[in-house]
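1. Test case, fold it:
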Amino acid sequence: MSIDARTPWSLRRRLLGAILAASAVLWLASLGTLTAIAWQETGEVFDDALEESAYMLMAATTSLEARGLLARQNPLEGDEVRRVDMQYQIVVGNQVVQRTAGAPGSPFVGGFDDDHGFVDLLVGDDRWRVFVVRDEARRFEVQVGQRAEKRFDILEELADALWLPVLGFLLLLALVAWWLTGRVLAPLRRTAQAIAAQTPEDLTRVDARGQPRELLPIVTALNEVLGRLDGALQAERRFTADAAHELRTPLAGLHMHVQLLQRQHPELGAPFRKLRTDIGRLTALVDSLLTLARLDPLARAQLAGQEVALRPLFETLQAEYADEAARRGITLDLRCEIGTLRADPQMLGIVLRNLVGNALRYCPAGSRVEVEAVHHGGRDRIAVRDDGPGVDEASRRRLTERFFRVLGTEEGGSGLGLSIVKRIAELHGVELAFGPGLGGRGLGVTLDWPRSS
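-> As a prediction, the model looks like this:
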């Protein structure tokens, strides 16, 4: 199953959705149950009211002289009675002799044979619930009725009064669930931060103490992977360092033997010079590998940082590369406006020699190489720029890749110099950037240090 990295799903949101969905379903089920119970209980209360009203009317009816009288006022009139809207009739001989204004002119129930009881019936378009009671002598009946819609009205009023608080509690539940899921998932975030802090230079194990039981298998598996990766990296670094170290001595001896053979056979000067050049390139490659092998395992905290005086370092560079620049017909300018820079002295020298050496190697005769140390934008900047052939934009993005060399260049090189510069910049927390060189031509390399205090 493929996973679209552009739309990662959220465990917290899914958990929150599951909680709210389950809560909503249970809330609806409980609401339905409560509605059924409320309907049953209110029905019983209304039935009791109907029955009580009927018996009160029965007790109050002592004379039947007022036959045909229409009672405009309900003897049980009041706010609560108006809400429940109870209507009554006094029936004699299947004729209504007294009734409330809202009761029909004919009896609710005709031909009632029992002493008392409830009847559900339809009068016109209205459904009624009626309680009928007869006196002991069966001279008359009291029928008290209530429209069924009035009972529904009570439930609607109850719903109108409750929906806003219920909705508020649901929103409060969502907020509480969001907060609780955040607290519960906090170990995931802490573990993710610990994993994100791992680097090839620091593959320490993720602390399994305090991890939840569900997360322990992941942390354990990750620690096993980190252990294997750390072992593989250490083995690779040891192999690179050991191989490069062992190669230095035979290469130095080979170089001496080639010089000796060149003196003994001057007629083979050209092949021997080519051989010496190749040996020099191989020696430079070995030195670069040794340098990377020393830099890779280092952490920034292990650097021996100190205030390095730049002017003497620039003067040394001028002296070292003056002859090579003159031999190649390249103008080398060095300008220093910064007194000191906090860095590892040896590594800073490696950076400058790699950058200056690259510029001199790849620029044609008549070019100019400029090295400057200036204050720029609140930072201390060291820049090496030239007006040579330059590097296209696509290749600039790959210049720090190990063993990458720009196509079309005739000069030899290991392709490790700028990788070393990048690694040293990372260790110092320095921003390394590539851009156009002098006058918009060539290549420019800038390293921005935090401003020294």
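2. Does the helix or strand encompassing residue 32 pack against any helices or strands, and if so which?
-> Taking DSSP states H and E as the definition, residue 32 sits inside helix 11-60. Contact partners of helix 11-60 among helices and strands, from 3 or more CB pairs under 8 Å, 6 or more residues apart in numbering; DSSP states H and E: strand 86-92, strand 116-123, strand 126-134, strand 141-147, helix 148-184. Using the backbone N, CA and C atoms, a C-beta is placed for each residue, glycine as well.
3. Let me have the ones you listed in TSV, extended by mean neighbour count, distance to residue 397 and mean pLDDT.
-> Written out in TSV, the entries for the helices and strands packed on helix 11-60 read as follows (neighbours: other CB atoms under 10 Å; distance: least, CB to CB, whole Å; pLDDT from 0 to 100):
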stretch	mean neighbour count	distance to residue 397	mean pLDDT
strand 86-92	23	88	84
strand 116-123	12	85	85
strand 126-134	20	82	86
strand 141-147	24	83	85
helix 148-184	12	39	78
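4. Arrange the ones you listed in a markdown table, one row each, with distance to residue 378 as further columns.
-> Output for the helices and strands packed on helix 11-60, formatted as a markdown table (distance: least, CB to CB, whole Å):
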| stretch | distance to residue 378 |
| --- | --- |
| strand 86-92 | 87 |
| strand 116-123 | 89 |
| strand 126-134 | 85 |
| strand 141-147 | 84 |
| helix 148-184 | 38 |
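5. The helix holding residue 32 vs strand 141-147, what angle?
-> 160 degrees (axes from the mean of the first three to the mean of the last three CA atoms, to 10 degrees).
6. show me where the stretch 251-400 of the chain has helices.
-> Per DSSP state H, counting those that start in this stretch, the stretch 251-400 of the chain carries helices over the ranges 269-295, 310-328, 345-362, 393-396.
7. Quickly compare those and say which is most buried.
-> Neighbour counts averaged per stretch over the helices of the stretch 251-400 of the chain are highest for helix 345-362, at a mean of 20; criterion: mean count of other CB atoms under 10 Å.
8. Contacts for that helix, please.
-> Residues outside helix 345-362 that contact it (CB atoms under 8 Å, 6 or more residues apart in numbering): 291, 295, 303, 306, 308, 313, 317, 320-321, 324-325, 328, 330, 332, 341, 369, 371, 382, 384, 386, 388-389, 409, 411, 413, 417-418, 420-421, 424-425, 427-428, 443, 445, 447.
9. of the helices and strands packed on helix 11-60, which approaches residue 24 most closely?
-> Comparison of the helices and strands packed on helix 11-60 against residue 24 by CB to CB identifies helix 148-184 as nearest, at 7.5 Å.
10. Can you show me the CA trace of the next helix or strand after that closest one as CSV?
-> Following the chain from helix 148-184 toward its C-terminal end, the next helix or strand by DSSP H and E is helix 186-196. What follows is the C-alpha trace of helix 186-196 in CSV, where atoms were taken according to Å, rounded to 0.1, in the frame of the first residue of the first chain:
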residue,chain,number,x,y,z
ALA,A,186,3.0,13.5,24.4
PRO,A,187,5.5,10.5,24.6
LEU,A,188,5.2,10.1,20.9
ARG,A,189,6.3,13.7,20.3
ARG,A,190,9.2,13.4,22.8
THR,A,191,10.3,10.1,21.1
ALA,A,192,10.0,11.8,17.7
GLN,A,193,12.2,14.7,18.8
ALA,A,194,14.8,12.3,20.2
ILE,A,195,14.9,10.4,16.9
ALA,A,196,15.1,13.6,14.9
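11. what comes up buried for helix 186-196?
-> By 16 or more other CB atoms under 10 Å, the buried positions in helix 186-196 come out as 188, 191.
12. Helix 148-184 and that helix, what's the angle between them?
-> Using the same axes, to 10 degrees: helix 186-196 against helix 148-184 is 30 degrees.
13. one step back: for the helix holding residue 32, the averaged confidence score.
-> Averaged across helix 11-60, the pLDDT comes to 78.
14. Please state the offset of that helix from the chain centre?
-> 43 Å (CA atoms, centre = their mean, to the nearest Å).
15. tell me the angle it makes with strand 86-92.
-> What separates the directions of helix 11-60 and strand 86-92 is an angle of 30 degrees, with the same axes, to 10 degrees.
16. what's the angle between helix 11-60 and strand 116-123?
-> For the pair helix 11-60 and strand 116-123, the angle between their directions (the same axes, to 10 degrees) equals 110 degrees.
17. hang on, the earlier thing: and the contacts of helix 345-362, which are buried?
-> Buried members of those, counted by 16+ other CB under 10 Å: 291, 295, 303, 308, 313, 317, 321, 325, 328, 330, 332, 341, 369, 371, 382, 384, 386, 388-389, 413, 417-418, 420-421, 424-425, 427-428, 443, 445, 447.
18. Which of the residues you listed fall within strands?
-> 308, 332, 341, 369, 371, 382, 384, 386, 443, 445, 447 (DSSP state E).
19. what's the second one in contact with, if anything?
-> The neighbours of residue 332, taking CB under 8 Å, 6+ apart as the test, are 318, 321-322, 325, 356, 360, 369, 371.
20. same deal with the last one?
-> For residue 447, the residues meeting the contact criterion (CB under 8 Å, 6+ apart) are 351, 381-383, 421, 425, 430-432.
21. please redo it, this time with the cut-off set to 10 Å
-> Contacts of residue 447 were listed using CB atoms under 10 Å, 6 or more residues apart in numbering, and they are 341, 343, 348, 351-352, 355, 373, 379-384, 421, 424-425, 428, 430-433.
22. SS state for residue 434?
-> strand (DSSP: H, G, I helix; E, B strand; the rest coil).
23. What sits closest to it if chain neighbours are left out?
-> Of all residues beyond its chain neighbours, the one nearest residue 434 is residue 396 (4.5 Å), with distances taken as CB to CB, 6 or more residues apart in numbering.
24. quick one: that neighbour and residue 432 touch, right?
-> No: under the criterion of CB atoms under 10 Å, residue 396 makes no contact with residue 432, lying 11.5 Å away.
25. which residues do the two both contact?
-> Shared between the contact lists of residue 396 and residue 432 (criterion: CB under 10 Å, 6+ apart) are residues residue 445.
26. ok, the residue nearest to residue 434 to residue 362 distance?
-> Noted for residue 396: a distance of 14 Å to residue 362, by CB to CB, to the nearest Å.
27. ok, now residue 424?
-> Relative to residue 362, and taking CB to CB, residue 424 is found at 20 Å.
28. Could you report the pLDDT at residue 299?
-> On the pLDDT scale, residue 299 is placed at 65.
29. Check residue 336 too.
-> pLDDT, read off for residue 336, is 91.
30. show me what contacts it?
-> Residues counted as contacts of residue 336 (CB under 10 Å, 6+ apart) are 309-315, 371-374, 382.
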